[in-house]
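Q: got a structure for you, letters missing:
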């Protein structure tokens, strides 16, 4: 019995046309077409934000941000890779002066959030669907808890920075909000405190020494055999059978 293969479609990547198979992610389709990606494709699960691209489709003039490992190919796409997006990043330590507060400290680190004009471009461009403009407003109002929750799934792809007319570094401002909220406003998590105690006691040293002695083939095999949390597992319910590192 013969099976018919779906006809190839044409997409553009960094100014070059490629014939690719439909039903693939951009990453898989371009690799099948002969491209070799060395950096920015390590997770392949949409959680690191390193494979950010911009694209336009023939049916729309809108410029869309996406992740190579998540977006599916469409006929006529024109894709631009973004290996790095410069943005403001303020070095800081998780300390406060006696007359300072977490809310004001985050605003002092990233005062440009006060210049937000609420155009909504950051939210429209976010490839993981965050309401970026909303959490920027929360930082402005001093609601670090709200900003931390609203930005928690940010993958630091930095696409929102590209179109901001106020030159706000939204991902880094949100990261500071999460850090200062966690340090000064949120209750310590018991399981993290226990894990830190194990780390400081040297519990994991022998495990990591064994891993470091592995040859590349054995290490790769260990990685491929790892237990993975099912996609449909309710949050906070799944535990691996091997709990050596817990």
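A: Structure received. Just so we're clear, the structure is a prediction, and the values are computed from it rather than from any experiment.
Q: Next secondary structure after the worst-scoring helix or strand of the chain on mean pLDDT?
A: Using mean pLDDT, DSSP states H and E, helix 190-201 stands out as the lowest-scoring helix or strand of the chain, at a mean of 88. Downstream of helix 190-201, the next assigned helix or strand under DSSP states H and E is helix 205-212.
Q: list the buried ones in that next one?
A: Across helix 205-212, burial judged by 16 or more other CB atoms under 10 Å covers no residue at all. Bear in mind the C-beta positions are built from the backbone N, C-alpha and C, glycine included.
Q: and residue 59, what pLDDT?
A: Residue 59 carries a pLDDT value of 88.
Q: Okay, strands next: where are they in this structure?
A: 9-13, 16-20, 52-56, 64-67, 78-81 (DSSP state E).
Q: Need the nearest residue in space to the residue most central in space within the chain, chain neighbours excluded.
A: Ranked by distance to the mean C-alpha position of the chain (CA atoms, centre = their mean), the top residue is residue 155 at 1.5 Å. For residue 155, ignoring the flanking residues on the chain, the nearest one in space by CB to CB, 6 or more residues apart in numbering is residue 49 at 3.3 Å.
Q: do you know how far the one you found is from residue 38?
A: According to CB to CB, to the nearest Å, residue 49 and residue 38 sit 17 Å apart.
Q: again with residue 108
A: Counting by CB to CB - residue 108 and residue 38 are separated by 39 Å.
Q: The two: who's more crowded?
A: residue 108 (12 against 5; other CB atoms under 10 Å).
Q: what's the pLDDT at the more buried one?
A: 96.
Q: again with residue 4
A: 64.
Q: Residue 1 too?
A: Residue 1 is given a pLDDT of 50.
Q: ok, now residue 222?
A: The model reports residue 222 with a pLDDT of 89.
Q: give the contact list for it.
A: Contact analysis of residue 222 by CB atoms under 8 Å, 6 or more residues apart in numbering lists 211, 214.
Q: Can you list the buried residues in stretch 115-126?
A: Buried positions in stretch 115-126, judged by neighbour count with 16+ other CB under 10 Å: 116, 121, 122, 123, 125, 126.
Q: Determine how far it lies from the middle of the whole chain.
A: 18 Å (CA atoms, centre = their mean, to the nearest Å).
Q: end to end, how far does that stretch reach?
A: Taking CA to CA, to the nearest Å, the first and last residues of stretch 115-126 lie 20 Å apart.
Q: what does stretch 31-42 give?
A: First-to-last residue span, stretch 31-42, CA to CA: 14 Å.
Q: what residues does it touch?
A: Stretch 31-42 is contacted from outside by 13, 18-21, 24, 27, 30, 48, 50-51, 68-69, 83, using CB under 8 Å, 6+ apart.
Q: From the residues you listed, pick the one nearest residue 223.
A: residue 48 (15.9 Å; CB to CB).
Q: Report how many residues lie close to the residue nearest to residue 155.
A: 18.
Q: Surely it and residue 158 touch.
A: Yes - using CB atoms under 8 Å, residue 49 makes contact with residue 158 at a distance of 7.3 Å.
Q: Just give me the longest helix of the chain.
A: For the chain, the longest helix by residue count, based on DSSP state H, is helix 170-184.
Q: same for it, what does it pack against?
A: Under the contact definition 3 or more CB pairs under 8 Å, 6 or more residues apart in numbering; DSSP states H and E, helix 170-184 sits against helix 102-109, helix 132-141, helix 144-150, helix 159-162.
Q: Same list, the ones you listed, but as a markdown table with distance to residue 218 please.
A: Shown next, in a markdown table, are those (distance: least, CB to CB, whole Å):
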| stretch | distance to residue 218 |
| --- | --- |
| helix 102-109 | 44 |
| helix 132-141 | 43 |
| helix 144-150 | 40 |
| helix 159-162 | 38 |
